[in-house]
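> The amino acid sequence is not available; the structure is as follows:
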């Protein structure tokens, strides 16, 4: 009877090991699948960086031949926005957003406060790449003068405009508005 008991114990042990190996394989496959999905599920910070890069590429192409143009990445500096578009006469602070929903009041207030803290900069653009900006959403862009010398321009749906040429034309139009107003300031 001990021979039979030992045989049963040994057989049970083998079956348990085989079962454990199967579970390990299943878990490993699931882990591999999840690892491969991670790049798809992006954090808001990753999405923000993508949005910044998209705007940077559009701005670079749009203003490449403008006198004194320089594109400065300032996203790591507090209260500076994402980019500074530096031209011969003036600088524009830009904050680019790539949201799934409308850009809300907190972002509008943030760019206003950032602009106020940078008195040497007269214009800030809050650019929503693929959605509208809440309360400023029934035109391609809006000017919002926050003082006699500082203005925030809200730009809606920049990347949903049908062609890169039209995106550039819109940004150039807004630039020339800023330039004309800069000379009045």
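Ah, there it is. Here the structure is a predicted model, which is why all the values come from computation and not from measurement. Residues are numbered from 1 along each chain as shown.
> what's near enough to touch the residue most central in space within the chain?
In the chain, the residue lying closest to the centroid (CA atoms, centre = their mean) is residue 48, at 2.5 Å. Residue 48 sits next to 97-98 when contact means CB atoms under 8 Å, 6 or more residues apart in numbering. Just so you know, the C-beta spots here come from the backbone N, C-alpha and C atoms, and that holds for glycine as well.
> Dihedrals phi and psi, residue 57?
phi -70, psi -40 (degrees, to the nearest 10).
> Neighbours of it, how many?
12 (other CB atoms under 10 Å).
> Distance check, it against residue 65.
Separation of residue 57 from residue 65 (CB to CB, to the nearest Å): 16 Å.
> do the same with residue 43
36 Å.
> Also residue 147?
According to CB to CB, residue 147 stands 32 Å off from residue 65.
> of those two, who's got more company?
residue 147 (11 against 7).
> Once you drop chain neighbours, what's closest to that one?
Distance criterion CB to CB, 6 or more residues apart in numbering; nearest residue to residue 147, sequence neighbours excluded, is residue 116 at 7.7 Å.
> and the helix or strand where that neighbour lies, what other elements does it pack with?
Secondary structure from DSSP states H and E places residue 116 in helix 105-117. Applying 3 or more CB pairs under 8 Å, 6 or more residues apart in numbering; DSSP states H and E, one finds that helix 105-117 contacts strand 91-97, strand 123-128, strand 151-155.
> Could you list the low-pLDDT ranges of this protein?
Within the chain, the ranges that satisfy pLDDT under 70 run 27, 30-31, 34-42.
> Run through the helices of it in chain order.
Assigned by DSSP state H, the helices in the chain fall at 2-37, 44-63, 105-117, 164-184.
> follow-up on the earlier one: just to check, the residue nearest to residue 147 is in contact with residue 151?
No. Counting by CB atoms under 8 Å, residue 116 stays clear of residue 151, with 11.7 Å between them.
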